[in-house]
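Starting from these lines, generate the structure:
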Amino acid sequence: MRMTFGLLGPLTVAADSTPQPLPRATVLRGLLGALLLAEGEQLPVGRLLELVWAGQADRIGRGAVHTGMSRLRTWLGRFGDETVVLESDAQGYRLATRPDAVDLGRFRALAAADALAEALALRRGPVLAGLERVNREDPLVTAVEGVVRTAALSLAQGSLAAGEPRSALPALTSLAEEHPFDEPVHAAVLQLLAADGRAAEALRRFQALRRRLSDELGIEPGTQVQNVFLALLAHDHQGLPTGPGRSPVPSQLPPDLPDFAGRDHHIRLVLDTLADGRVPVITGMGGIGKTALAVHTAHRAAADYPDGRLYADLRGADASPADPARVLAAFLRALGADAREIPDSLDERSALYRTLLTGRRILVLLDNAADEQQLRPLLPGTPAHFSPGHPTSRPTSTTIAPTTPTTPTAVIVTSRAALTALPGTRLVDLGELDAAHAQTLLHRILDDHRVAAEPVAAARIAELCGGIPLAVRIAGARLAARPRWTLARLAGLLHDERRRLDELTAGDLAVRAGFAVGHARLPEPVRRTFRLLGLLDAPDFASWAAAAVADIPVAEAERHLEELIDAQLLQETGTEPHLRYRFHDLVRLYAREHAEASDDPTERSAALERAFGAWLWLAERAADQIPGPCFAPIHGPAPRHPLPPTLTATLLDDPMAWFDTEQPALNTSARQATTLRMVPAAWDLAACQEKYCDVRGLYDDWRTTNLTVLQACRAASDHRGAAVLTRGLIEVTTWTTPADGTQTMVALHDRAHHLLRLFEQVREPRGSADALVLAAWSLAAQGREQEALATAHRALDLATAHDHPGGRARAHQAIAVAHSESDLDRTIEHLTETLRLARLIGNTRFEATAIQFLGAAHGRAGRPERGLELLTHALAMARSLQDSYAEAFSLLYLAAIHAATGDTRARPTAEAALSIARRFDMGHHLAQALGILGELDLTAGDHTSAIAHLEESVLVWRARGWRSFLATALRTLGRAYQAAGLPESAARALAEARELTAGSGDSLAHEG
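Predicted coordinates for the structure are as follows:
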């Protein structure tokens, strides 16, 4: 049977031209679709996770891909087509097919032969339409859609040139319906309709497109569509007489930006505010687009103000506030006053201005207002502008449309300041453009083809511009002026932080100039705080961190922060009492420029040292209160910056909540200290986070930060820091990291002894005790019971001699694990002592661990009721701590007891543990959960599912290197093979199990 596949539309499979049902499992359909999209190229396992599991990829383990591919290979094999082969190796998977077996291959061949109409006839809809398990935002999908789109547009051009527009209309119309915002496609449809003599239909389509873009994206159609529309209008209105002229009215609005993009919500808010008879005050940082929004919205509303539109820039040529008297003189002349009769005083000019506005429907745009004092004389005298809550009927339509004013004259204000002292105002605060709208703006400024040719570089440029419209506009202007530049070249220039502000300059536009206005008005002490804060890489910070950086009291720092917010040079996040502050990336670079120009390197280094010292001062104290692993707390000589005792106590009232807030800043600061070669501060900041990361399951953060800082410790010969970070790395990589080709528990032995040598080198016996406990775990996993017991007792003696109660608790736990192969009574005895010590030192996380182990031991000792009682209690403790690792452990042993007693809760409990294990790459728990599910499948008679679960369990246990667990999994797999009628496979599995154990039983397993 010869198989063929369709992906240019819904996924289809046919054998000898006869349609075949797709695999029932949506995952298998997704994997098949992804492999077909790759067109014979190999896809790594991680790539398949992104394609098929999309937003769930971080919770799905690699084993799910292997299992799915095994089932897909079986499904494909049913058809017997030797030309369709699912191949795999250590790198990933590929689906080999004949060139003509997939409709995409035939499409490419026809398109290459310029048979575009025939190629597009193969298309049945969007790529893999309706396939739930394929990420439609993935480049593999978008690339194929792009090939189809390019062919369709080429077909349209060819049809127009040949005078046969009707032949291309079906393909282009279908594409336009599927992509309602793709303006080049819609422009092509309009051209085809006009060329086919259907201009009226084309005009209707344009109006529908315009409404859709306005309603849903808040933008006007782009240049290409507008040009087609104007051509249609010129043809449609040819020969029609024009209407009578109107009397001249003030029309001072600056030109609207033809490429204005985004701000849909803010446009609505401004228009609603005008409809209320109130004054919208548009605020935001320099370059954020205050004027652009005000002008664009004023043009949208202009038709409702037929008596004129007045405009004034209230910032003078030298950036000082414009004199309102001079502004009024210009307004009065525009309103028809004789220049010779304009009064001299400000009050008289303001009164005459209000008189001339009476009864007129005029819109006034006051741009760049400095403060309320400058603004008051320029406001009309209409009472509604000074009466908050003026009643009016609001528009009920969801479309953005000009609203009918309830008062004759309306005002729009832009300002860096909030101007909340003026009655009747409403703030419209602008933030950065989101990524999509920033890219849309760049797309509108540049030629469509340049952006389409380099979508990744275009996205990177928008990202580096930080969502500031002025920056995006400058980047677009520079590229427009250099048609031979690639977008990637400009993205590369912008990537260099030291040059970024220099690169964001074009003509009379400069991002730096927008920031300079607010900076120039600040007193020097505030400028100094601004400069020094800009040195921090932390994504945000609290006022106490600002106080440390500037070396000033917290109250003074808070006043400085408020002034920086008023100047739009700093942004406020969070709410009281957890207010935090952040820089826009470009403002941070501006602050650093000033710091490098004004502050010598010694002062800059001291400021950063104080900041890191303040974070370390708090992190060290918070970590002491976190119930994580019972490692000895070992710190370095980095200077601390103490905070007032009352403030410290308030901040650390809930240490986990403090870490929740500060962990991104701590992580970033540790890396920044590494870059600056402040190595003692870097490793102490990293180490202080370990217990928090363990409880919260932030294993990637823990692992990557420790690795980065460890390299710096080695380079600086900081042996104490290297020992502490190596200890944390061993812990996180042993229990949560996927296999790297080594047997984890076997490799642990060498790693633990390396750690022991490091701690002996710096004469830290408590650390040596921690290292010996890790070595004992490795020996127990390898079945070397006596060696494990000797090593654990050595750790116990060392911890006892050097006042390390956490080390004593961990040593007793390791002794219990070593005994679990042969003597459950002694196991329970040592676990009871572990629990006693955990409670003595007040470590609730380790207390929960000890209760878990006791519960598991009682369950294995034939006391399921006591085991369930303990494990249920431990589960509640784990969940209260939000500790995913401990939660999975409790669920596993609860599932094991449920399975042993025939309780129907066994499967859902094991599946819950499996879900957590896959999400956090907990290899040990993953293998255990798969083993329990395999046992349950076998009992239920589902041999296929049992084998799938158990084969994956064996695979993980091999990588883990835990002999007794691997032997148990092999024995169960052997039984499953026997039940499925596979005697040879069963014999191999059982023989390997006998070699591993020689009759030994199960054991307990968990991190210390």
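
which residues of the stretch 501-650 of the chain score low on pLDDT?
When residues are selected by pLDDT under 70, those of the stretch 501-650 of the chain lie in 508, 576.

quick one: low-confidence parts of the stretch 1-150 of the chain?
Within the stretch 1-150 of the chain, the stretches with pLDDT under 70 are 55, 57-59.

Now do the helices in it.
For the stretch 1-150 of the chain, the helices defined by DSSP state H, counting those that start in this stretch occupy 26-37, 45-53, 62-77, 103-112, 116-121, 139-161.

what's the most buried one of those helices?
When the helices of the stretch 1-150 of the chain are scored by mean count of other CB atoms under 10 Å, the highest mean neighbour count falls to helix 26-37 (a mean of 23). Using the backbone N, CA and C atoms, a C-beta is placed for each residue, glycine as well.

Would you tell me what the next helix or strand after the strand or helix carrying T648 is?
Here T648, judged by DSSP states H and E, is contained in helix 645-651. Next helix or strand after helix 645-651 toward the C-terminus (DSSP H and E): helix 655-675.

where does that next one sit relative to the chain's centre, distance-wise?
In terms of CA atoms, centre = their mean, to the nearest Å, the centre of helix 655-675 is found 18 Å from the chain centre.

if I look at the residue lying closest to T486 once chain neighbours are set aside, how far off is L494?
Spatial nearest neighbour of T486, chain neighbours left out: E454 (6.4 Å); criterion: CB to CB, 6 or more residues apart in numbering. Taking CB to CB, to the nearest Å as the criterion, E454 is separated from L494 by 14 Å.

Mind checking which of those two has more residues around it?
For E454 against L494, the residue with the higher neighbour count under other CB atoms under 10 Å is L494, and the figures read 21 against 18.

ok, the more buried one touching A475?
Yes: using CB atoms under 8 Å, L494 is in contact with A475, at 7.2 Å.

Quickly list what's touching both of these two.
Taking CB atoms under 8 Å, 6 or more residues apart in numbering as the criterion, L494 and A475 both touch I461, C465, L504.

ok, so of the residues you listed, who is nearest I445?
I461 (10.9 Å; CB to CB).

residues near that closest one, how many?
Per other CB under 10 Å, the neighbour tally for I461 reads 28.

Would you check how far apart it and L487 are?
With distances defined as CB to CB, the gap from I461 to L487 amounts to 6 Å.

Tell me the confidence at A261?
Predicted confidence (pLDDT) for A261: 79.

go on, A1005?
Here, the pLDDT recorded for A1005 equals 44.

hang on, the earlier thing: pretty sure the residue nearest to T486 contacts L487?
Yes: between E454 and L487 there is a contact under CB under 8 Å: 4.2 Å.

Tell me who's in contact with the residue nearest to T486.
Contact partners of E454, counting by CB under 8 Å, 6+ apart, are T486, L487, A488.

And H754, by the same measure?
With contact taken as CB under 8 Å, 6+ apart, H754 is in contact with T726.

that's a helix at it, yeah?
Yes: membership of H754 in a helix is supported by DSSP: H, G, I helix; E, B strand; the rest coil.

can you give me the helices in the stretch 151-300 of the chain?
With DSSP H, counting those that start in this stretch as the definition, the stretch 151-300 of the chain shows helices at residue ranges 169-178, 183-195, 199-217, 223-236, 264-275, 290-301.

Okay, angle between the shortest one and helix 199-217 too, please.
Same thing as helix 169-178. Compare the direction of helix 169-178 with that of helix 199-217 by axes from the mean of the first three to the mean of the last three CA atoms, to 10 degrees and you get 20 degrees.

and helix 169-178 with helix 139-161, angle?
With the same axes, to 10 degrees as the criterion, the two stretches helix 169-178 and helix 139-161 enclose an angle of 140 degrees.

Repeat that for the longest one.
Between the axis of helix 199-217 and that of helix 139-161 there is an angle of 160 degrees, by the same axes, to 10 degrees.

Can you list the helices and strands that helix 199-217 packs against?
With contacts taken as 3 or more CB pairs under 8 Å, 6 or more residues apart in numbering; DSSP states H and E, helix 199-217 sits against helix 183-195, helix 223-236.

which of those helices is buried the deepest?
Among the helices and strands packed on helix 199-217, ranked by average contacts under mean count of other CB under 10 Å, first place goes to helix 183-195 (a mean of 23).

Output it in PDB with nothing but the alpha carbons.
Output of helix 183-195 as PDB, limited to C-alpha atoms (Å, rounded to 0.1, in the frame of the first residue of the first chain):
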ATOM      1  CA  GLU A 183      -3.300  43.800   4.300                       C
ATOM      2  CA  PRO A 184      -1.300  42.800   1.200                       C
ATOM      3  CA  VAL A 185      -3.600  39.800   0.600                       C
ATOM      4  CA  HIS A 186      -6.700  42.100   1.000                       C
ATOM      5  CA  ALA A 187      -5.100  44.700  -1.300                       C
ATOM      6  CA  ALA A 188      -4.600  42.000  -3.900                       C
ATOM      7  CA  VAL A 189      -8.300  41.000  -3.600                       C
ATOM      8  CA  LEU A 190      -9.300  44.600  -4.100                       C
ATOM      9  CA  GLN A 191      -7.200  45.000  -7.200                       C
ATOM     10  CA  LEU A 192      -8.500  41.800  -8.700                       C
ATOM     11  CA  LEU A 193     -12.100  42.800  -8.000                       C
ATOM     12  CA  ALA A 194     -11.600  46.200  -9.600                       C
ATOM     13  CA  ALA A 195      -9.900  44.700 -12.600                       C
END
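
tell me what that helix is packed against?
Under the contact rule (3+ CB pairs under 8 Å, 6+ apart), helix 183-195 is packed against helix 139-161, helix 169-178, helix 199-217, helix 223-236.

mean pLDDT lowest for which of those helices?
Going by mean pLDDT, the lowest-scoring of the helices and strands packed on helix 183-195 is helix 223-236, which has a mean of 65.

pLDDT score for G245?
The per-residue pLDDT of G245 was computed as 36.

In contact with E87: list those residues for me.
When contacts are taken as CB under 8 Å, 6+ apart, E87 is in contact with Q42, Y93, R94, L95, A96.
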